[in-house]
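Chemist: Make a model of this:
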Amino acid sequence: MSKRDPDKPKARIGRPPTGKNAMIAIRWPPPLLAGIDKYAQQQMLARPVALRQIVAMFLVSKGLVPRADSKRRKGSEAAEARAVAIR
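Modeler: As a prediction, the model looks like this:
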C-alpha cells in the first residue's frame, strides 16, 4: 500500500455542503407553525418557501430590506398586486 501524498489535501468525510446561504434551525410553537402551514397550503408552497416569503414580506414592510421588485416597471399590475399583498 502506498503512502498518501503530503501535498494533496486530505479528503473531507461526510456529505459535501449543498448551499452557500446560512441554515437556521428554529423551534416553532404549534400555533405559529400551524399558521405557517396554513399560509403555505393557501399559496401552494412548500413550508420553507412559505416561511421565506413571510419573513421577506415582514422585512420589506418594516423597510429593513429593499423590495425585490424595485427594478421592475412600477405601473405593472403584478407589481401593484404584490404591493397591496405586502401591506
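Chemist: if I look at the residue positioned nearest the centre of the chain, how far off is Leu45?
Modeler: Centrality entry for the chain: nearest residue to the mean C-alpha point is Arg52, 3.9 Å, by C-alpha atoms, centre = their mean. Taking C-beta to C-beta, to the nearest Å as the measure, Arg52 falls 9 Å from Leu45. In short, each C-beta sits where N, CA and C put it, glycine included.
Chemist: Remind me what the helix or strand harbouring Met57 packs against, helices and strands.
Modeler: Following DSSP states H and E, one finds Met57 within helix 47-61. If contacts are counted by 3 or more C-beta pairs under 8 Å, 6 or more residues apart in numbering; DSSP states H and E, helix 47-61 sits against helix 30-43, helix 77-86.
Chemist: Could you identify which of the ones you listed has the lowest mean pLDDT?
Modeler: Of all these, the minimum mean pLDDT falls on helix 77-86 (a mean of 59).
Chemist: Look at Lys3 and give its secondary structure.
Modeler: What DSSP: H, G, I helix; E, B strand; the rest coil gives for Lys3 is coil.
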